[in-house]
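Asker: sequence first, then the predicted structure, then my questions.
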2 protein chains.
Amino acid sequence: MKNKSTIRDVAKLAGVSSATVSYVLNGVKKVSDDTKQRVLKSVEELNYYPDFTAISLSKSKSNLIGVMVPLITDSPASMFKKNQYYHEFLSGVEMIARNNNFDTMISGVGDPEECSNWVKKRNLDGLIFVGLFPENLYLEMSKLDIPIVLIDSYEEHANRYLNVQIDDELGGYAATRHLIELGHEKIVFVATSLASSPVDRKRYDGYKRAITEFHLPLDDRLTIETNDIAFDYGYKAGESIVRSSVHCTAVVAVSDNLAIGIIKALQDNGKRIPEDYSIVGFDDIAISQYITPSLTTVRQDVFDKGKTATELLMKSINDTDAPSPSGTTAVELPIKLIIRDSTKAL
Amino acid sequence: MKNKSTIRDVAKLAGVSSATVSYVLNGVKKVSDDTKQRVLKSVEELNYYPDFTAISLSKSKSNLIGVMVPLITDSPASMFKKNQYYHEFLSGVEMIARNNNFDTMISGVGDPEECSNWVKKRNLDGLIFVGLFPENLYLEMSKLDIPIVLIDSYEEHANRYLNVQIDDELGGYAATRHLIELGHEKIVFVATSLASSPVDRKRYDGYKRAITEFHLPLDDRLTIETNDIAFDYGYKAGESIVRSSVHCTAVVAVSDNLAIGIIKALQDNGKRIPEDYSIVGFDDIAISQYITPSLTTVRQDVFDKGKTATELLMKSINDTDAPSPSGTTAVELPIKLIIRDSTKAL
DNA sequence: TGATGAAATGAAATCGCTTTCAATTATAGG
DNA sequence: CCTATAATTGAAAGCGATTTCATTTCATCA
């Protein structure tokens, strides 16, 4: 029971050569109906299924995709531990990959070469990049000639690959406008890093557009950067809001994670949400409607993002007859402002 | 740049046979210091690194481990989406695996045969089972002769494998006792399923022990089963607590996820936590200290659980000289009652 | 009926590595 | 200096598929 049967076992039982079995199984060459039936019967009888490792070696096709996540702090693991976003995304990837008979492997990106080696060592058929990476990584990866899907990328190189994203600027705008329409004028914007995260910057652009559109003053002191998305960084941001000399009445955060930390800090300091402060998050992760007050947020379906990205990747992998050097597709997924209890008219 | 160099390239450059290169790289046979240096130099020069696929085929060793999660509803994906627990666990696995030059693949378990085929197709070197599975799966897996680590398993077969768990009974006891000592007498126990989850049952045993020890009456009506760990199932449990004819003042839930849903439902129905109800959760997931009120809970380090399990697995995989048919090791990780703001003296 | 081209099949090479076993070289002992 | 023994190395056979190319078989048609 421990030993699986090989293609030769099947061939022998069916009285044909292993080549013929391969032909039948891959439908790659015409095989007479008679032999085909015989082969199929033997396959059935021996409970045969092909070995991915062997296929991988001979076809250079592993039925394996890799998901690259940024190596922000010490390890990809600690990254996951902190950020719900990646999990929901990966769930989507997993699901579609599995439907296509693919398996998924995750990797934190060290240097470009290491990453490139990983792809070659494992014979990966495709790659998904989620998050932000150094320029030279994209360069190195482009030499790999496997399909690549970028998520949330505003990089120069982005348009050379497949792309899945949302309208971050619009998200930032919608969140801010919602607060302004509720009468708020002093609105803090909490980002991880404006300098190094294009996504944050886009959302900030949206924030600025709303502020300007309603003729409110832009105040640099109303911007906070946390450098990390973990809850406790949000908490610190919340504390600094309380202590700040510039008084504000509302907050836009670039992620629900951050928003949750902020709310907690505010509450711990005796402030009431939404009476004293209105808060808007971003993402709508699963927990967001179960905290108190439930979180007003810009919803994006991260799970769906993972699914869409993987579908794109699968399609691209299966397009063996790819004519031009990949067709630069960009998919923009919808976002939606979800109004809950953390925001309130002034 | 696209083509990687093979062992033969290295061999040629070093003026030896590919066998010798293999010897050097695996340290499997004595090679003279002179040739060894030459080989190493060529490896360096050609930027050579071995191809996992080829190794896998010839050695039947893939440097790949699989993590099996239960297929509760439709897909493993939806499972992940709902339960933070798995994520934290997987993060731990990922981390240790990576440190050992292993990659990790996840799979929801369909039927045992499918699972067994997966292992063989991919040549997996080891397996981690996290959660509860049908008996016959363990049976099928035992035929595979690769190391297996079970998590949280109280199965019959459990003691034939490596094992990582916590003292669930004690956890249930500690949570309940804490509430009793605060003066609570009517304490609801919320589980997913007492019938089908041994973990829940153990925690319930602890609950009962505490109740009995303090001479309180055991009331069946104070037990709620949700059949799922998603937030909304907790929410429903919370609603049923409010509507129940038996009035209670405290709740023990088998997971923080559930507890969070319960709290939300209670609050939505105008109840105050902890004034009207004291709540204790289980796990201490990352979010638990950031909700309001912060959650009193029985902490287990799930991330560490993943790490420990994987370390065990790695050790077992590397023990090629395994003497007896695997050494039935069981590791019990500590738990700790973390008292926060969701519980209060009556 | 024999020639001809198409259809069906198989032998063997290949993918990149490991490993057995034999051959070669070095070292030591007499 | 010669042989016995140990230490190094390499040739070649796998591992389990795919795939090229040649061969056989079959229809078809003149």
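Answerer: Happy to help now that I have it.
Asker: mind checking which helix or strand A:Asn227 is in?
Answerer: Assigned by DSSP states H and E, A:Asn227 belongs to neither a helix nor a strand.
Asker: show me the contacts for it.
Answerer: Residues near A:Asn227 by C-beta atoms under 8 Å, 6 or more residues apart in numbering or on different chains: A:192-193, A:233. Backbone N, C-alpha and C define where each C-beta goes, glycine included.
Asker: could you check the pLDDT of it?
Answerer: On the pLDDT scale, A:Asn227 is placed at 92.
Asker: just the helices in chain A please.
Answerer: A:7-14, A:18-26, A:33-46, A:52-59, A:76-82, A:84-99, A:112-122, A:135-142, A:168-181, A:198-213, A:231-243, A:256-268, A:302-318 (DSSP state H).
Asker: how many neighbours does the residue nearest to A:Phe89 when sequence neighbours are not counted have?
Answerer: Closest residue to A:Phe89 apart from its sequence neighbours, by C-beta to C-beta, 6 or more residues apart in numbering or on different chains: A:Gly306 at 4.2 Å. Neighbour count of A:Gly306, defined by other C-beta atoms under 10 Å in any protein chain shown: 29.
Asker: what does stretch A:90-107 contact?
Answerer: A:63-69, A:76, A:115, A:118, A:122, A:124-125, A:128, A:302-311, A:314, B:75-78, B:80-81, B:94, B:98, B:103-108, B:122.
Asker: PyMOL command to pick out the buried ones of those residues?
Answerer: Applying 16 or more other C-beta atoms under 10 Å in any protein chain shown to the contacts of stretch A:90-107, the buried members can be selected in PyMOL as follows:
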select buried, (chain A and resi 63+64+65+66+67+68+69+76+115+118+122+124+125+128+302+303+305+306+307+308+309+310+311+314) or (chain B and resi 75+76+77+78+80+81+94+98+103+104+105+106+107+108+122)
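Asker: ok, A:Ala259 touching A:Thr297?
Answerer: Yes: using C-beta atoms under 8 Å, A:Ala259 is in contact with A:Thr297, at 7.1 Å.
Asker: got the contact list for A:Leu127?
Answerer: By C-beta under 8 Å, 6+ apart, the contact set of A:Leu127 is A:65-68, A:119, A:141, A:144, A:146-149, A:313.
Asker: which member of those residues is positioned nearest DNA strand D?
Answerer: A:Ile146 (16.2 Å; C-beta to the nearest atom of the strand).
Asker: next one: that closest one from DNA strand C, what distance?
Answerer: Counting by C-beta to the nearest atom of the strand, to the nearest Å, the separation of A:Ile146 from DNA strand C is 15 Å.
Asker: check A:Ile224 too.
Answerer: Noted for A:Ile224: a distance of 50 Å to DNA strand C, by C-beta to the nearest atom of the strand.
Asker: ok, now which ones touch that residue?
Answerer: Neighbours of A:Ile224 in contact, by C-beta under 8 Å, 6+ apart: A:188-191, A:237, A:240-241.
Asker: adding neighbour count and pLDDT, write the residues you listed out as CSV.
Answerer: As requested, the contacts of A:Ile224 are exported to CSV (neighbours: other C-beta atoms under 10 Å in any protein chain shown; pLDDT from 0 to 100):
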residue, neighbour count, pLDDT
A:Val188, 25, 98
A:Phe189, 24, 98
A:Val190, 28, 98
A:Ala191, 25, 98
A:Ala237, 23, 98
A:Ser240, 15, 98
A:Ile241, 22, 98
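Asker: close to DNA strand C: what parts of the stretch 51-200 of chain A are there?
Answerer: Where proximity means C-beta under 7 Å from any atom of the strand, the interface of the stretch 51-200 of chain A facing DNA strand C comprises A:54, A:57-58.
Asker: please redo it, this time with the cut-off set to 10 Å
Answerer: By C-beta under 10 Å from any atom of the strand, the residues of the stretch 51-200 of chain A that approach DNA strand C are A:53-60, A:120-121, A:123.
Asker: widest-spaced pair of these?
Answerer: With distances taken as C-beta to C-beta, the most widely separated pair in these is A:Ala54 and A:Lys120, at 18.0 Å.
Asker: between the two, which is the more surrounded one?
Answerer: Neighbour count, other C-beta under 10 Å: between A:Ala54 and A:Lys120, A:Lys120 has more, with 19 against 16.
Asker: neighbours around A:Arg272, how many?
Answerer: For A:Arg272, the count of nearby residues is 11 (other C-beta under 10 Å).
Asker: and what of A:Asn100?
Answerer: 16.
Asker: returning to what we had before: find residues that contact each of A:Ala259 and A:Thr297.
Answerer: Listed as contacting both A:Ala259 and A:Thr297 by C-beta under 8 Å, 6+ apart are A:280-282, A:288.
Asker: in TSV: those residues, plus distance to A:Phe133.
Answerer: Rendered in TSV, the data for those read as follows (distance: C-beta to C-beta, whole Å):
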residue	distance to A:Phe133
A:Val280	28
A:Gly281	25
A:Phe282	21
A:Ser288	27
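Asker: now, which of the residues you listed sits nearest A:Leu333?
Answerer: Using C-beta to C-beta, the shared contacts of A:Ala259 and A:Thr297 come closest to A:Leu333 at A:Phe282, 13.8 Å.
Asker: of all of the stretch 101-250 of chain A, which residue lies closest to DNA strand D?
Answerer: Closest to DNA strand D within the stretch 101-250 of chain A is A:Asn123: 11.8 Å, counting by C-beta to the nearest atom of the strand.
Asker: what's near enough to touch the nearest residue to A:Asp219 once chain neighbours are set aside?
Answerer: In space, and not counting its chain neighbours, A:Asp219 is closest to A:Val246: 6.7 Å by C-beta to C-beta, 6+ apart. Residues in contact with A:Val246, defined by C-beta under 8 Å, 6+ apart, are A:186, A:219, A:221-222.
Asker: stretch A:263-274 near chain B at all?
Answerer: Yes: for stretch A:263-274, a contact with chain B is found by C-beta under 8 Å from any C-beta of the partner chain, at A:263-264, A:267.
Asker: of the residues you listed, buried ones?
Answerer: Among the residues of stretch A:263-274 next to chain B, those buried by neighbour count (16+ other C-beta under 10 Å) are A:263-264, A:267.
Asker: now for the contacts of A:Val246: which two are most distant?
Answerer: The span of the contacts of A:Val246, defined through C-beta to C-beta, is set by A:Lys186 and A:Arg221 at 9.9 Å.
Asker: more neighbours, the two?
Answerer: Under the neighbour definition other C-beta under 10 Å, A:Lys186 and A:Arg221 were set side by side, and A:Lys186 has more, 15 against 11.
Asker: dihedrals phi and psi, the nearest residue to that one once chain neighbours are set aside?
Answerer: Spatial nearest neighbour of A:Lys186, excluding adjacent residues (C-beta to C-beta, 6+ apart): A:Cys248 at 4.0 Å. Note on A:Cys248: its backbone torsions stand at phi -130, psi 170 [degrees, to the nearest 10].
Asker: what does stretch A:207-219 contact?
Answerer: So stretch A:207-219 is in contact with A:169, A:172-173, A:175-177, A:180, A:185-187, A:189, A:246, A:252, going by C-beta under 8 Å, 6+ apart.
Asker: quick check: end-to-end length of it?
Answerer: By C-alpha to C-alpha, to the nearest Å, the extent of stretch A:207-219 from end to end equals 12 Å.
Asker: coming back round to it: show the buried residues in the residues of the stretch 51-200 of chain A next to DNA strand C.
Answerer: Neighbour counting with 16+ other C-beta under 10 Å marks A:53-57, A:120-121, A:123 as buried within these.
Asker: tell me the contacts of A:Thr247?
Answerer: Rather than Thr, residue A:247 is His. A:His247 neighbours (C-beta under 8 Å, 6+ apart): A:Lys186.
Asker: now it: phi and psi?
Answerer: Here is the backbone geometry of A:His247 (degrees, to the nearest 10): phi -80, psi 130.
Asker: which pLDDT value goes with it?
Answerer: In this model, A:His247 is scored at 94, pLDDT.
Asker: swap in A:Met141?
Answerer: Value listed for A:Met141 in the pLDDT field: 87.
Asker: about what we covered before: dump the contacts of A:Val246 into CSV; add pLDDT as well.
Answerer: Below are the contacts of A:Val246 laid out as CSV (pLDDT from 0 to 100):
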residue, pLDDT
A:Lys186, 97
A:Asp219, 96
A:Arg221, 96
A:Leu222, 97
